[in-house]
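**Student:** what shape does this take:
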Amino acid sequence: MTFSVAFNWLIALFSLVPFIRFGDDWKKSLQLPPKDTRVRTSDVTSTKGNEFEDYCLKRELLMGIFEMGWEKPSPIQEESIPIALSGRDILARAKNGTGKSGAYLIPMLERIDLKKDYIQVHVVIATPGRILDLIKKGVAKVDRVQMMVMDEADKLLSQDFVVLIEDIISFLGKGRQILLYSATFPISVQKFMVSSHLHKPYEINLMEELTLKGITQYYAYVTERQKVHCLNTLFSRLQINQSIIFCNSTQRVELLAKKITQLGYSCFYIHAKMMQEYRNRVFHDFRNGLCRNLVCTDLFTRGIDIQAVNVVINFDFPKNAETYLHRIGRSGRFGHLGLAINLITSEDRFNLKSIEDQLVTDIKPIPGSIDKSLYVALPGDRPVHQETWRRP
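**Tutor:** Sure, this is the predicted structure:
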């Protein structure tokens, strides 16, 4: 599963739950965050009307959910939670930013038995190579694991990882449950569907369209030499809360970050060649709002949930639809509004058309003036800041 979202979610959930004695009115003791009043799209509001309390979850878990600011389950959570609690395998397809992490973490936490001192779902979060190494060394004993989750399943079942995944599954017990979640289902995932690894999986598909409804997409046709000037113009005209700017190489990330700083704008950068400790610090500071703009590679396209980001800019246009989908999905999180702007050179025009066709989406020429209501919260709309209300 994706480390950053899952780990932060788990830590927050457990740290929020106070000790409640039997018979207490537990709802009165909740320390709720400020209510998020921003407009949300049907990606997360088109629900059946279920409540988290309908799933008979442990009280401590319910308290953690509410104190995280989650009021009602999103569509993917409605579809997934009861099935996952039943122990059945799941193959779920839902858009980025619509609550997939909660869809598997809530049933996972519900099924944990803290009295059992072994991995079941006491939870291990790891990359395939690392957990497989620990398994083979006898450090991680997974024969009694109840649930294995593959978030971003399209990536984990790609040619780079699928052999590792199959090796990991071979160490699990017969009664294990496998949950797969992804926004895209390429051929690699489809092959896994018909393999012997899944037992009559329950299929969930909430992808009538691929891109989030709240993200407005534009392109600006420029030459390579005009890109920095165009970016400077965007910074001066847009009302940016926070932005993520994507480049196609680590070298271009550092060069662009330096240019943006020289233009007088606050800017962080992050890429895979940086030390992990430094990357963690940059991510943490950006998430806490210490800087308005972040330049990065595709390292930052998955599992990153920063709801303050309302603008994504593809300084370099991606080569394929999957990468494009994950990039622009960093804005408009959980049904909120966002803006995606693509700087297109003559070499990119064929990719632009191909991605539009594959995603069945419309990327329009950028207008002289962009309506702020398309990506800026209205006066009085209040986002929940993730760090200000958490109990120490």
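**Student:** rest of the way, CA atoms for contacts and neighbours
**Tutor:** OK.
**Student:** what are the phi and psi angles of the nearest residue to Lys200 once chain neighbours are set aside?
**Tutor:** Nearest residue to Lys200, sequence neighbours excluded (Cα to Cα, 6 or more residues apart in numbering): Asp89, at 7.0 Å. Main-chain dihedrals, Asp89, degrees, to the nearest 10: phi -60, psi 150.
**Student:** and the pLDDT for Asp89?
**Tutor:** Here, the pLDDT recorded for Asp89 equals 92.
**Student:** spit out the contact partners of the spatially closest residue to Met147 that is not a sequence neighbour.
**Tutor:** Spatially, and ignoring its direct neighbours in sequence, Met147 is nearest to Gln177 (4.6 Å; Cα to Cα, 6+ apart). By Cα atoms under 8 Å, 6 or more residues apart in numbering, the contact set of Gln177 is 87-89, 146-148.
**Student:** what residues of stretch 69-84 count as buried?
**Tutor:** By 16 or more other Cα atoms under 10 Å, the buried positions in stretch 69-84 come out as 69-70, 72-82, 84.
**Student:** re the thing from before, report the contact partners of the residue nearest to Lys200.
**Tutor:** Taking Cα under 8 Å, 6+ apart, one finds 177-179, 198-202 in contact with Asp89.
**Student:** how about the contacts of Gln177 in a markdown table, adding secondary structure?
**Tutor:** Converted to a markdown table, those look like this (DSSP: H, G, I helix; E, B strand; the rest coil):
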| residue | secondary structure |
| --- | --- |
| Gly87 | coil |
| Arg88 | coil |
| Asp89 | coil |
| Gln146 | coil |
| Met147 | strand |
| Met148 | strand |
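**Student:** and which of those residues is nearest to Ala308?
**Tutor:** Met148 (30.8 Å; Cα to Cα).
**Student:** thinking again about what came up before, Serialize the buried residues of stretch 69-84 to CSV and add fields for pLDDT, secondary structure and distance to Ile240.
**Tutor:** Below are the buried residues of stretch 69-84 laid out as CSV (pLDDT from 0 to 100; DSSP: H, G, I helix; E, B strand; the rest coil; distance: Cα to Cα, whole Å):
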residue, pLDDT, secondary structure, distance to Ile240
Gly69, 83, coil, 24
Trp70, 85, coil, 25
Lys72, 88, coil, 29
Pro73, 91, coil, 29
Ser74, 87, coil, 27
Pro75, 87, helix, 29
Ile76, 89, helix, 29
Gln77, 92, helix, 30
Glu78, 93, helix, 33
Glu79, 91, helix, 34
Ser80, 94, helix, 34
Ile81, 94, helix, 35
Pro82, 94, helix, 39
Ala84, 94, helix, 39
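**Student:** dump those residues to CSV, plus distance to Gln190.
**Tutor:** CSV is the format used below for these (distance: Cα to Cα, whole Å):
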residue, distance to Gln190
Gly69, 35
Trp70, 32
Lys72, 31
Pro73, 27
Ser74, 25
Pro75, 23
Ile76, 20
Gln77, 22
Glu78, 24
Glu79, 20
Ser80, 19
Ile81, 22
Pro82, 24
Ala84, 20
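**Student:** quick check, nearest of those residues to Ile106?
**Tutor:** Ile81 (7.1 Å).
**Student:** distance check, the closest residue to Glu203 other than its chain neighbours against Asp151.
**Tutor:** Nearest residue to Glu203, sequence neighbours excluded (Cα to Cα, 6+ apart): Leu91, at 4.8 Å. Here Leu91 is placed at a distance of 11 Å from Asp151 (Cα to Cα, to the nearest Å).
**Student:** about what we covered before: just send the contacts of Gln177 back as a markdown table, with distance to Thr216 too.
**Tutor:** Output for these, formatted as a markdown table (distance: Cα to Cα, whole Å):
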| residue | distance to Thr216 |
| --- | --- |
| Gly87 | 39 |
| Arg88 | 37 |
| Asp89 | 35 |
| Gln146 | 41 |
| Met147 | 37 |
| Met148 | 35 |
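**Student:** follow-up on the earlier one: only the buried subset of the contacts of Asp89, as a ChimeraX command please.
**Tutor:** Selection of buried members from these for ChimeraX, criterion 16+ other Cα under 10 Å:
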select :177,178,179,198,201,202
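**Student:** closest one of the contacts of Asp89 to Gln276?
**Tutor:** Among those, Leu179 lies closest to Gln276 (Cα to Cα), at 28.1 Å.
**Student:** pLDDT score for that closest one?
**Tutor:** 93.
**Student:** correct me, but it touches Ala153?
**Tutor:** No: using Cα atoms under 8 Å, Leu179 is not in contact with Ala153, being 9.2 Å away.
**Student:** gap between Gln77 and Glu51?
**Tutor:** For Gln77 relative to Glu51 (Cα to Cα), the value is 10 Å.
**Student:** same check, this time on Ser346
**Tutor:** From Ser346 to Glu51 the distance is 50 Å (Cα to Cα).
**Student:** and for Leu343?
**Tutor:** Taking Cα to Cα, one finds Leu343 at 42 Å from Glu51.
**Student:** got it, and Asp371?
**Tutor:** 35 Å.
**Student:** Arg176: neighbour count?
**Tutor:** Using other Cα atoms under 10 Å, Arg176 has 21 other residues around it.
**Student:** any chance you could map the strands in the protein?
**Tutor:** Along the chain, counting by DSSP state E, strands occupy 90-93, 147-151, 177-182, 202-205, 215-221, 242-246, 267-270, 293-296, 309-314, 338-344, 364-365.
**Student:** confidence score at the residue nearest to Ile169 when sequence neighbours are not counted?
**Tutor:** Spatial nearest neighbour of Ile169, excluding adjacent residues (Cα to Cα, 6+ apart): His197 at 7.7 Å. In the predicted model, His197 carries a pLDDT score of 84.
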